[in-house]
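Peer 1: requesting a structural model of the entry that follows:
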Amino acid sequence: MVLEQLIDRQFVLRHFPFVFVLSGVYVFVAYAVMRLFFPGQSLSVALLLTILLLPSLHHLIVVEEKLESKGISHFFKRHKVILRCFFGAFLGLLAGFLVLGFVDPASLSYQMVQLEQGNLHEELVSGFSSEQFVPDMTRVIALFSHNVWFLIIGFVLSVFYGAGAVFLIVYNASFFAAFVVEIFSRFASPYMLSVVSLVHMIPESAGFVLTAMAGASLSRALIHERLSSSAFRNVLKNDLFLLIIGLLLVFLAALLEVYLSAPVFYRIISG
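Peer 2: Model prediction:
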């Protein structure tokens, strides 16, 4: 990609704001291409965005696998730059999709339809608001179990896709943005609901991003390292560590959603 040749990789790797802004700009580049070649096909924005991000994030996956092959000591110190870049990219995508969703809601029409048929279905919302909501650990475990299935599926797909796991990050960012846009179009106190939603969405998103990183890194190691080598075992240990952190973040997100987000939603929606 011409743009990538003009930008120094080390500059990109070490500047969180630059990664954030670049990812947000890519959203609008993908949107412009969609309007030009695939008008009305909103899901193509996510696919085109994945193609745009792949070269840059593939380089990060290569660096990540090399770091992991050296061992698990000083994990966060070693991986600080990579983690910062991945989360910068996710937040940039989320910000870009949010702006795009408010400017042209049709650009997120696929995600909105899925939400309206699922979590934001009118019957589910009315049922939720008509019954007394009582937070308890049973709800937390049920929500966590539901999300763990998506986490496992995301990890398996990341192993098969390799750097193509970027699509999972793009897909999640687009759905969270669509959720916020739907809140503004349907409910009272949208600012409060959006902020409260982000409280559990951010750790949940972080869990999925770490899972995608782990799967992509393992995918590369399976191709480039001997299964019996110490380098492969080190990658395996690091990826297991990433998965455990991802699971803990998803569990934290479930706790926050049940004990904080849901009660606020209930009070506002039920009036």
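Peer 1: show me where the stretch 101-250 of the chain has its helices.
Peer 2: With DSSP state H, counting those that start in this stretch as the criterion, the stretch 101-250 of the chain has helices at 109-117, 122-130, 137-161, 166-186, 190-224, 230-256.
Peer 1: to Ala30, which of those helices lies closest?
Peer 2: Taking C-beta to C-beta, helix 166-186 is the member of these nearest to Ala30, at 9.0 Å. C-betas here are computed from N, CA, C, even on glycine.
Peer 1: still on that earlier bit, lowest mean pLDDT across the helices of the stretch 101-250 of the chain, which one is that?
Peer 2: Note on the helices of the stretch 101-250 of the chain: helix 122-130 shows the lowest mean pLDDT, a mean of 71.
Peer 1: so what's the gap between that helix and the chain middle?
Peer 2: 27 Å (C-alpha atoms, centre = their mean, to the nearest Å).
Peer 1: buried stuff in that helix?
Peer 2: Across helix 122-130, burial judged by 16 or more other C-beta atoms under 10 Å covers Val125.
Peer 1: just checking, what packs against that helix?
Peer 2: Applying 3 or more C-beta pairs under 8 Å, 6 or more residues apart in numbering; DSSP states H and E, one finds that helix 122-130 makes contact with helix 262-269.
Peer 1: list the contacts of the helix it packs on.
Peer 2: Val125, Phe128, Ser129, Phe133, Pro135, Arg139, Phe187, Ala188, Ser189, Met192, Leu193, Val196 (C-beta atoms under 8 Å, 6 or more residues apart in numbering).
Peer 1: buried members of those into ChimeraX, please.
Peer 2: Here is the ChimeraX selection string for the buried members of those, based on 16+ other C-beta under 10 Å:
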select :125,139,187,193,196
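Peer 1: ok, which pair from the contacts of helix 262-269 is furthest apart?
Peer 2: Between all members of the contacts of helix 262-269, the farthest pair (by C-beta to C-beta) comes out as Arg139 and Ala188, at 24.1 Å.
Peer 1: on that earlier part again, now distance to Val113 too, for the contacts of helix 262-269, in a markdown table please.
Peer 2: Output for the contacts of helix 262-269, formatted as a markdown table (distance: C-beta to C-beta, whole Å):
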| residue | distance to Val113 |
| --- | --- |
| Val125 | 16 |
| Phe128 | 20 |
| Ser129 | 22 |
| Phe133 | 26 |
| Pro135 | 30 |
| Arg139 | 27 |
| Phe187 | 18 |
| Ala188 | 23 |
| Ser189 | 24 |
| Met192 | 25 |
| Leu193 | 20 |
| Val196 | 24 |
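Peer 1: what about stretch 47-60, distance to the chain center?
Peer 2: 14 Å.
Peer 1: offset the numbering so it begins at 104, please.
Peer 2: Sounds good: first residue 104 from here, last item stretch 150-163.
Peer 1: for it, output the C-alpha coordinates as CSV.
Peer 2: Only the C-alpha atoms of stretch 150-163 are listed here, as CSV (Å, rounded to 0.1, in the frame of the first residue of the first chain):
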residue,chain,number,x,y,z
LEU,A,150,-14.8,-5.6,4.8
LEU,A,151,-13.1,-2.7,3.0
LEU,A,152,-11.8,-1.4,6.3
THR,A,153,-10.3,-4.8,7.1
ILE,A,154,-8.4,-4.7,3.8
LEU,A,155,-7.1,-1.3,4.6
LEU,A,156,-5.9,-2.2,8.1
LEU,A,157,-4.5,-5.6,7.3
PRO,A,158,-1.0,-4.5,6.0
SER,A,159,-0.3,-2.4,9.1
LEU,A,160,-1.7,-4.8,11.7
HIS,A,161,-0.1,-7.8,10.0
HIS,A,162,3.2,-6.1,10.7
LEU,A,163,2.2,-5.9,14.4
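Peer 1: and that stretch, average pLDDT?
Peer 2: Computed over stretch 150-163, the average pLDDT equals 78.
Peer 1: I appreciate the help and will end here.
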